[in-house]
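**Student:** here's a sequence, model it:
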Amino acid sequence: MTYIFLIILLLIIVTAGMVLIHTYKDFYRKNALLRVDPLEFTGVKALDTTAEIEDSEIWMIGDSRVRRWPEKLLRNNNTIANLGVEGQTSSQVLYRLMSYLETDTPSLIILETGINDLKVIGLDANLYGEITQQYLKNIEQMIHLCRVRNIRMILIDIFPVGKIELPRRLIWNNAVNKAINAVNLTLESYCDNDMVFHLNADAILSDNGTTVRPEFQDDFLHINVMGYEALSKNLKELINKIINP
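**Tutor:** Next up is the predicted model:
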């Protein structure tokens with residue numbers, strides 16, 4: 001019996017070691033790639049990003065919540081470039097946008113970013129002020145970039161999160177939810193329905209203003225196709241209102 005127990009224990013230790021090695025290698029690889037390409041231009045869907053942005057009237061830019069958006073749900077007679085990149089912060093999105101604008105100028109930019117900034121507050125609630133201020137500063141800079149080029153913008157607020165998974169409870173706290181609600185109110189205040197328009201994703205995806213509706217949740221930070229369909233219906237109407245007044 002003791003012999004069997006030792007074998008099982010050894011197998012558990014070996015398996016745990018292999019998982020740790022794999023996790024370390026994956027983290028090291030991602031960190032190395034980030035140093036090579038700090039703005040992660042290679043994370044965009046398009047194989048030829050330059051051609052994509054030059055051929056598109058509308059740019060969607062942001063983090064994974066943009067990258068996972070099925071553009072076919074929005075296409076009508078408009079060409080749309082999806083410039084979302086998984087895991088990006090608003091700072092990375094800002095500098096990518098600056099780079100893209102050196103190549104071309106779209107008629108409309110759709111922006112959704114912020115969750116990767118604010119989730120850092122889950123590690124240290126004392127960072128609340130610093131993180132939210134920098135995030136809003138980045139948004140203001142992106143709005144300014146569009147205004148001076150006469151580019152209209154649809155500003156989508158930060159999606160609500162889903163039902164929290166047990167492992168994530170260790171790196172999440174109520175201050176993050178508080179920050180999401182606070183910055184979303186500020187984002188709405190930036191919109192003038194002339195150059196900057198607002199899409200209230202929270203009102204579409206959530207019943208309680210804090211968590212995404214279960215039928216729209218994919219995982220804690222992401223929505224599923226049904227969620228994107230609900231957002232796209234409203235976003236498509238807004239696009240048509242702006243492009244074809």
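**Student:** which residue is the nearest non-sequential neighbour of the residue nearest to the spatial centre of the chain?
**Tutor:** Using C-alpha atoms, centre = their mean, the residue of the chain that lies closest to the mean C-alpha position is D63, 3.0 Å off. Once flanking residues are discounted, D63 sits nearest to Q88: 4.6 Å by C-beta to C-beta, 6 or more residues apart in numbering. In short, each C-beta sits where N, CA and C put it, glycine included.
**Student:** residue ranges in the chain under the pLDDT threshold?
**Tutor:** Scanning the chain for pLDDT under 70 picks out the ranges 1, 5-6, 9, 16, 19-37.
**Student:** helices along that one, start to end?
**Tutor:** Per DSSP state H, the chain carries helices over the ranges 2-36, 49-55, 64-67, 90-100, 115-118, 128-148, 174-189, 201-205, 225-243.
**Student:** for I154, find the nearest of the ones you listed.
**Tutor:** For I154, the closest of those is helix 225-243, at 6.1 Å, according to C-beta to C-beta.
**Student:** packing partners of that closest one?
**Tutor:** Under the contact criterion of 3 or more C-beta pairs under 8 Å, 6 or more residues apart in numbering; DSSP states H and E, helix 225-243 touches strand 108-112, strand 152-156, strand 196-199, helix 201-205.
**Student:** go with 10 Å
**Tutor:** Contacts defined by 3 or more C-beta pairs under 10 Å, 6 or more residues apart in numbering; DSSP states H and E place helix 225-243 against strand 58-62, helix 64-67, strand 108-112, strand 152-156, strand 196-199, helix 201-205.
**Student:** let's have these in a markdown table, adding distance to G227.
**Tutor:** Listed next are the helices and strands packed on helix 225-243 as a markdown table, based on distance: least, C-beta to C-beta, whole Å:
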| stretch | distance to G227 |
| --- | --- |
| strand 58-62 | 15 |
| helix 64-67 | 10 |
| strand 108-112 | 13 |
| strand 152-156 | 13 |
| strand 196-199 | 13 |
| helix 201-205 | 6 |
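**Student:** mind putting those into CSV with mean neighbour count?
**Tutor:** Formatted as CSV, these follow (neighbours: other C-beta atoms under 10 Å):
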stretch, mean neighbour count
strand 58-62, 25
helix 64-67, 22
strand 108-112, 25
strand 152-156, 22
strand 196-199, 20
helix 201-205, 19
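**Student:** ok, which of those comes nearest L47?
**Tutor:** Short answer: helix 64-67, nearest of those by C-beta to C-beta, at 14.4 Å.
**Student:** output the closest one as CSV, nothing but the C-alphas.
**Tutor:** Taking C-alpha atoms only, helix 64-67 is exported to CSV below (Å, rounded to 0.1, in the frame of the first residue of the first chain):
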residue,chain,number,x,y,z
SER,A,64,-8.9,40.8,-27.3
ARG,A,65,-12.5,42.0,-27.1
VAL,A,66,-12.0,43.6,-30.4
ARG,A,67,-9.9,40.9,-31.9
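**Student:** contacts for it?
**Tutor:** Applying C-beta atoms under 10 Å, 6 or more residues apart in numbering, the contact partners of helix 64-67 are 43-45, 59-61, 82-88, 93, 110-116, 156, 158-159, 201, 221-223, 227-228, 231.
**Student:** now that helix, how far from the chain's geometric center?
**Tutor:** 5 Å (C-alpha atoms, centre = their mean, to the nearest Å).
**Student:** domain map for the chain?
**Tutor:** 1-36, 44-243 (automatic domain parsing).
**Student:** could you identify which of the ones you listed is most buried?
**Tutor:** domain 44-243 (a mean of 17; mean count of other C-beta atoms under 10 Å).
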